[in-house]
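[1] give me a model of this one.
(chains A and B)
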Protein chains: 2
Amino acid sequence: MEIFFSADTGGNLVFLGEEESAHCVRVLRHRSGDEITVVDGEGTMMRCRLKDDSPKGATAEILERHPGWGGHPYRLTMAVCPTKNNDRFEWFVEKAVEIGVDVIVPVIGERSERKVFKPERSRKIALSAMKQSLKARLPRIEGPTSVKDFIITSSGDLKLICYCFEGETTRRSIEEVLAEATEGADITIMIGPEGDFSPEEARLAVGNGFIPVHLGPSRLRTETAAVTAATAVYLHHIG
Amino acid sequence: MEIFFSADTGGNLVFLGEEESAHCVRVLRHRSGDEITVVDGEGTMMRCRLKDDSPKGATAEILERHPGWGGHPYRLTMAVCPTKNNDRFEWFVEKAVEIGVDVIVPVIGERSERKVFKPERSRKIALSAMKQSLKARLPRIEGPTSVKDFIITSSGDLKLICYCFEGETTRRSIEEVLAEATEGADITIMIGPEGDFSPEEARLAVGNGFIPVHLGPSRLRTETAAVTAATAVYLHHIG
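    Numbers count the residues shown, from 1 in each chain, chains lettered A, B, ... in the order given. Take a look at the predicted model:
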């Protein structure tokens, strides 16, 4: 099932950008009168009929709106340290979008292997994964921020930090902590680099309301830990 | 932490193959007298002392044996339809090994995009992931088999088949079914291709003791579904 993306609507019309129009008209050969599916990136799927099949800027008439399409009953922010290898971080972005995520924040910590991160490729991947997995809300991929700033400005019902060392506060398993989460919770999870968060970062997080958790006994790469944590939240909600 | 692999032991000696020896002696520059860690692929980690530092065939003396190192308290067989893109299947293999898996069987079904599959690259990836994730048991990657043959010859305490359509038997969520699993269960999970298992394949599976399950509302790629299912089993055991 092919899906187009456009946040550009006016009245009962939706306007496809250049790339989407080219794909719609040149590649997939849609013509005026064809029914197409467009998502607005804000959660609404629109069944449309192509009105103007210009390959540089197509227009479609909205026949039906379906809000909350392909959504999930929680809000999840994943703050993850970018991996040395970009492919691995991008795999995580793709998988997190398929499974269900709202915001991804690349966080740079004391022990991060990568101190610079450009989010553009990850944003392309998120868009692609949203369409491929039939969702209508485009997860936001923020620009890189420091672990410290992220911790200090974080909000939400349930904030978790995953680290590997035995700190001052005992870590509980993510399963145990999620079991206590309320329905529709706003969840934030921090995943550190291969070298782990530093004790100072962990202390700051705990002081700002983050609950220390572990992801079980397996030693997971950063991107694997991130997908595992997102999956734990998803599975917790499937009943 | 670097780990070497060898199944070739005799008495209190372990013999490294050519590749491992070259890596040990030429790349990492170990010399006789150095302590090294070797896993046997069968679950045992051996703390050793290098005795003969020949770069084509090193020998080490076993100082301590640690059985069950990096193991997991269940047995998991994942039967997964190879994806059109090999990278994706290999990503699944790497992640499943990190998380915890015992056997991976590539299964070719009616709707499989890929009818041929060579397991050699996946086996290299499994070996690498075993070492990187500090485990001592090498997951077995079998050669491709048909979905039908896999179903008919399958065994184990708990057998699950994940498919997307509403079949004759109602699907329960994987979480619900795993909650009923006994400790240390021998679990088998089948994951179909993007086009799903056919109704005939599902019927054959149910007739052979497979429980139909779903993985929640998200529409997951084959490799994502496979990792999600393996993660569900893993998380179920972390308490």
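[2] hey, let's count contacts and neighbours off CA atoms from now on
    Will do.
[3] would you map the helices across chain A?
    Along chain A, counting by DSSP state H, helices occupy A:18-21, A:86-99, A:120-132, A:147-153, A:174-179, A:199-207, A:222-236.
[4] as a markdown table, the ones you listed with mean neighbour count would be great.
    What follows is these, written out as a markdown table (neighbours: other CA atoms under 10 Å in any protein chain shown):
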| stretch | mean neighbour count |
| --- | --- |
| helix A:18-21 | 18 |
| helix A:86-99 | 22 |
| helix A:120-132 | 19 |
| helix A:147-153 | 16 |
| helix A:174-179 | 17 |
| helix A:199-207 | 17 |
| helix A:222-236 | 23 |
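[5] put together a markdown table for those helices, with mean pLDDT on each row.
    As requested, the helices of chain A are exported to a markdown table (pLDDT from 0 to 100):
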| stretch | mean pLDDT |
| --- | --- |
| helix A:18-21 | 96 |
| helix A:86-99 | 98 |
| helix A:120-132 | 97 |
| helix A:147-153 | 98 |
| helix A:174-179 | 96 |
| helix A:199-207 | 96 |
| helix A:222-236 | 98 |
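[6] let me have these in JSON lines, extended by distance to B:Val14.
    Compiled in JSON lines, the helices of chain A are given as follows (distance: least, CA to CA, whole Å):
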{"stretch": "helix A:18-21", "distance to B:Val14": "59"}
{"stretch": "helix A:86-99", "distance to B:Val14": "34"}
{"stretch": "helix A:120-132", "distance to B:Val14": "45"}
{"stretch": "helix A:147-153", "distance to B:Val14": "45"}
{"stretch": "helix A:174-179", "distance to B:Val14": "39"}
{"stretch": "helix A:199-207", "distance to B:Val14": "39"}
{"stretch": "helix A:222-236", "distance to B:Val14": "32"}
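[7] and of those helices, who's closest to B:Gly41?
    Nearest to B:Gly41 among the helices of chain A is helix A:222-236 (22.1 Å), distances taken as CA to CA.
[8] neighbouring contacts of the closest one?
    A:76, A:78, A:80-81, A:83, A:88-89, A:91-92, A:95-96, A:99-101, A:174-175, A:178-179, A:189, A:191-194, A:215, B:95, B:175, B:215-216, B:228, B:231-232, B:235 (CA atoms under 8 Å, 6 or more residues apart in numbering or on different chains).
[9] hmm, back to that, so for B:Trp69, which of the helices of chain A sits nearest?
    helix A:222-236 (20.2 Å).
[10] near chain B, which residues of chain A are found?
    Taking CA under 8 Å from any CA of the partner chain as the contact definition, chain A meets chain B at A:70, A:95, A:98-100, A:133-134, A:173, A:175-176, A:215-221, A:224, A:228, A:231-232, A:235, A:238-239.
[11] same thing but 7 Å
    For chain A, the residues in contact with chain B (CA under 7 Å from any CA of the partner chain) are A:95, A:98-99, A:133, A:173, A:175-176, A:216, A:218-220, A:224, A:228, A:231, A:235, A:238-239.
[12] what residues sit buried inside stretch A:1-16?
    By neighbour count on 16 or more other CA atoms under 10 Å in any protein chain shown, the buried set for stretch A:1-16 is A:3-5, A:13-16.
[13] tell me which two of the residues you listed sit farthest apart.
    Spatially, the most separated pair among the buried residues of stretch A:1-16 is A:Ile3 and A:Leu13, at 16.3 Å (CA to CA).
[14] who's in contact with A:Leu134?
    Contacts for A:Leu134 (CA atoms under 7 Å, 6 or more residues apart in numbering or on different chains) come out as A:Gly70.
[15] and it, its phi and psi?
    Backbone dihedrals for A:Leu134, given as degrees, to the nearest 10, come out at phi 60, psi 50.
[16] mind checking pLDDT for it?
    pLDDT for A:Leu134: 96.
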